[in-house]
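**Q** coords please:
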Amino acid sequence: MNSKLKLFFAFFLIISTQHFYAQDALSKKADQETKRSSDELHKKLNDEQSRLKKEQKKVGNHQKDLKNSEKNLDKTKQKISKLEADNQKINTKINTSSFTAEESQKQAIKVKQKEVEIQKLKLKQIDQQKDLEKVKASL
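**A** Take a look at the predicted model:
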């Protein structure tokens, strides 16, 4: 009976050890699978973060371009208004003051030069308006 009992305990010990090693192997395999899944998720998260940073930078650049386009357009409008006001002053001077013929011609030439400048600025304004619309459309 004693030998049967020893045999039983030996058999029990062997089975318990095998069970322990099997559980340990399963646990290691599960840990590896968890680590692999975790690594994949971290990589996806990092990729998404990178993509979002690029997108944010792109949007920031578009906003900056939009602001600059609007500022340039406003400056051009102000220049046009100033030149038109200057022309009106010169025309008023020509019509109300007693200038010599030579002085009147000089003032008339100034008016024509400013009118040419106004037309150039109006063309520039049209181009700037188109650029502004392109920037707005790209957002």
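**Q** low-confidence ranges in this structure?
**A** Applying pLDDT under 70 to the chain picks out residues 1, 20-22.
**Q** Now Val59: which helix or strand?
**A** When elements are assigned from DSSP states H and E, Val59 belongs to helix 2-96.
**Q** Show the secondary-structure elements that that helix is packed against.
**A** When contacts are defined as 3 or more Cβ pairs under 8 Å, 6 or more residues apart in numbering; DSSP states H and E, helix 2-96 sits against helix 101-138. No exception for glycine: its C-beta is placed from N, CA and C like everyone else's.
**Q** from the middle of its chain, how far away would the helix it packs on be?
**A** Distance of helix 101-138 from the chain centroid (Cα atoms, centre = their mean, to the nearest Å) equals 32 Å.
**Q** so how many other residues sit close to Leu121?
**A** Counted with other Cβ atoms under 10 Å, residues neighbouring Leu121 total 21.
**Q** Please apply the same query to Ile90.
**A** 15.
**Q** go on, the one 3 residues further on?
**A** Residues lying near Lys93 (other Cβ under 10 Å) number 14.
**Q** Likewise for Phe99?
**A** Phe99 has 15 neighbouring residues, counting by other Cβ under 10 Å.
**Q** so how far is Asn2 from the nearest residue to it once chain neighbours are set aside?
**A** Excluding the flanking residues, the one nearest Phe99 by Cβ to Cβ, 6 or more residues apart in numbering is Gln107, at 6.6 Å. Gln107 is 134 Å from Asn2, where distance means Cβ to Cβ, to the nearest Å.
**Q** the more surrounded of these two?
**A** Applying other Cβ under 10 Å to Gln107 and Asn2 shows that Gln107 carries more neighbours, namely 16 against 6.
**Q** Against Glu84, how distant is the more buried one?
**A** Gln107 is 16 Å from Glu84, by Cβ to Cβ.
**Q** One more: Gln18?
**A** Plainly put, Gln18 is 99 Å away from Glu84 if you go by Cβ to Cβ.
**Q** the more surrounded of those two?
**A** Each of Gln18 and Glu84 has its neighbours counted (other Cβ under 10 Å); Glu84 has more, 14 against 10.
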